[in-house]
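Enquirer: here is my input, please return the structure:
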Amino acid sequence: MSAGIDLENVVCDFGDFRAVDHVNVSIKPGEFFSFLGPSGCGKTTILRMISGFTEPTQGIIRIGGQDVRGQRPNQRPTALIFQNLALFPLMTVWENIAFGLEVRGVDKAKRRARADELLRLVDLPGAADKYPSQLSGGQRQRVAIARALAVEPAVMLLDEPLSALDLKLRQHMRAELRAIQKRTGVTFIYITHDQGEALAMSDRVGVMSQGRIQQVADPREIYNNPVNGFVASFVGENNIFDGTVVNPANGMAGYETALGTFRARLGALATGKGVKLFVRPEHTAISLTAAAENSVPVTISEVSFEGSFISIQGKAAGGTTLVAEIRNDGAATVPAIGSAAFMSFDPARAAILPDAETRR
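Expert: Here you go, the predicted model:
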């Protein structure tokens, strides 16, 4: 069984500090939903409120349609996986997994059978009688997931569980977590500051800043159509231009800068002052001749080999640095450092967005 989560106008204050500021979001049953944002943005506080370890100052939290305010953590259909996993070192793997069932009075034979079933689910069938210290980091991660699933939660809450793992193992565990979630159908709510994790695993992502939700959408929408400068900058890299909007019409506009006037998509909220032009490096082309529009003359200042792509920096007039990324497919021509070139971008791949995120 899985359950949906509804947060309605939820606020959480710690003294004079507002950690969560009027958050409204609905998470569907069986969904893999991630809260993404920098440290201190309020995402862990939301997780603690859903789990029952922190009470909201105001607003309503519903799990499966039921208002859970006032319910203790053990009364809620949730299971929380902490960042440090909190496995018991003196218990075997199967005893760790079955601990919640033991607390509930389930007899030993049934506990062992359930633990073995869950070990098969997380692809650790031979680890039942080992101790956590005998397992790798990724294996301990899977044991923590199995332990959480043992009590048959409707909602699984994960607080940056992969942050202590190395890059290769994190990438492997992303796929493992996603596969486990799909097999079980349990609602997963995942907390992370790592955009790669959120984009790779989630059905939808809620980007947070300053205690507020900035945007909720599927990963492609978040990356390709951010609603403001904070989302654009936090989720991916950008070339950013300062300037002024001119001649807006039909969702497009001109944008006057010190480097010239460009044309780009006009974000729905990009009105008045405080707007900037955002262009992703992978959407920035580099050539020896100027393009028909949105072209900037540069002097190549740095070339970095990044494996699957090559990052090229160019200095424009006034010292502005622009970055273009080209695929390392063997066909690309890499300009020499110190050479003259042009960096250009398609108007449809550039966005004029409000720069500042909502403040507390």
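Enquirer: tell me the buried residues in the lowest-mean-pLDDT helix or strand in the chain?
Expert: Ranked by mean pLDDT, DSSP states H and E, the weakest helix or strand in the chain is helix 167-184, scoring a mean of 84. For helix 167-184, the neighbour count (16 or more other Cβ atoms under 10 Å) marks Leu169, Arg170, Met173, Arg174, Glu176, Leu177, Arg178, Ile180, Gln181, Thr184 as buried. Every C-beta, even on glycine, is put in place using the N, C-alpha and C of the backbone.
Enquirer: mind listing what the helix or strand following it pairs with, with the direction of each?
Expert: Per DSSP states H and E, helix 167-184 leads on to strand 187-192 as the next helix or strand towards the C-terminus. According to DSSP bridges, strand 187-192 has the following sheet partners: strand 32-36 (parallel), strand 155-159 (parallel).
Enquirer: which of those strands has the lowest mean pLDDT?
Expert: Ranked by mean pLDDT, the strands paired with strand 187-192 bottom out at strand 155-159, with a mean of 92.
Enquirer: quick one: that one to helix 167-184, angle?
Expert: Following axes from the mean of the first three to the mean of the last three Cα atoms, to 10 degrees, one obtains 170 degrees for the angle between strand 155-159 and helix 167-184.
Enquirer: what comes into contact with strand 155-159?
Expert: Applying Cβ atoms under 8 Å, 6 or more residues apart in numbering, the contact partners of strand 155-159 are 2-3, 5, 44, 47, 50-51, 63, 77-83, 145, 148-149, 177, 181, 186-191.
Enquirer: would you list the phi and psi of the residue nearest to the spatial centre of the chain?
Expert: Geometric centre of the chain, nearest residue: Ala198, 3.1 Å, by Cα atoms, centre = their mean. The phi/psi pair for Ala198 (degrees, to the nearest 10) reads phi -60, psi -40.
Enquirer: just checking, it touches Phe32?
Expert: No. Contact criterion Cβ atoms under 8 Å: Ala198 and Phe32 do not qualify, at 9.9 Å.
Enquirer: what is in contact with those two at once?
Expert: Tyr190.
Enquirer: how far is the least confident helix or strand of the chain from where the chain is centred?
Expert: The chain centroid and the centroid of helix 167-184 are separated by 15 Å under Cα atoms, centre = their mean, to the nearest Å.
Enquirer: ok, residues contacting it?
Expert: 32, 121-123, 136-138, 141-142, 145, 149, 156, 158, 162, 165, 188, 190, 194, 196-197, 200-201.
Enquirer: just the buried members of these?
Expert: 32, 121-122, 138, 141-142, 145, 149, 156, 158, 162, 165, 188, 190, 197, 200-201.
Enquirer: what about the helices in the stretch 1-150 of the chain?
Expert: Under the criterion DSSP state H, counting those that start in this stretch, the stretch 1-150 of the chain contains helices at 43-51, 93-97, 99-103, 108-121, 137-150.
Enquirer: how about the stretch 201-350 of the chain?
Expert: 219-224, 229-234.
Enquirer: buried deepest among the ones you listed, which one?
Expert: Of all these, helix 229-234 has the most neighbours on average by mean count of other Cβ atoms under 10 Å, namely a mean of 22.
Enquirer: counting contacts, what elements does that helix pack onto?
Expert: Under the contact definition 3 or more Cβ pairs under 8 Å, 6 or more residues apart in numbering; DSSP states H and E, helix 229-234 sits against strand 204-209, strand 212-217, strand 275-279, strand 350-354.
Enquirer: okay, now the nearest residue to Ser39 once chain neighbours are set aside: neighbour count?
Expert: Distance criterion Cβ to Cβ, 6 or more residues apart in numbering; nearest residue to Ser39, sequence neighbours excluded, is His193 at 6.2 Å. For His193, the count of nearby residues is 18 (other Cβ atoms under 10 Å).
Enquirer: my guess is His193 contacts Gly40. True?
Expert: No. In this structure His193 lies outside contact range of Gly40 using Cβ under 8 Å: 9.9 Å.
Enquirer: thinking again about what came up before, just send the helices and strands packed on helix 229-234 back as JSON lines, with mean pLDDT and mean neighbour count too.
Expert: As requested, those are exported to JSON lines (pLDDT from 0 to 100; neighbours: other Cβ atoms under 10 Å):
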{"stretch": "strand 204-209", "mean pLDDT": "96", "mean neighbour count": "25"}
{"stretch": "strand 212-217", "mean pLDDT": "96", "mean neighbour count": "20"}
{"stretch": "strand 275-279", "mean pLDDT": "94", "mean neighbour count": "26"}
{"stretch": "strand 350-354", "mean pLDDT": "93", "mean neighbour count": "24"}
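Enquirer: of all those strands, which lies closest to Gly254?
Expert: Of all these, strand 350-354 sits nearest to Gly254, with 9.4 Å by Cβ to Cβ.
Enquirer: re earlier: so for Leu266, which of the helices and strands packed on helix 229-234 sits nearest?
Expert: Nearest of the helices and strands packed on helix 229-234 (Cβ to Cβ): strand 350-354, 5.1 Å.
Enquirer: which helices and strands does the closest one pack with?
Expert: helix 229-234, strand 260-266, strand 275-279.
Enquirer: let's have these in TSV, adding distance to Glu117.
Expert: What follows is the helices and strands packed on strand 350-354, written out as TSV (distance: least, Cβ to Cβ, whole Å):
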stretch	distance to Glu117
helix 229-234	40
strand 260-266	51
strand 275-279	49
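Enquirer: neighbours around Cys41, how many?
Expert: Cys41 has 24 nearby residues by other Cβ under 10 Å.
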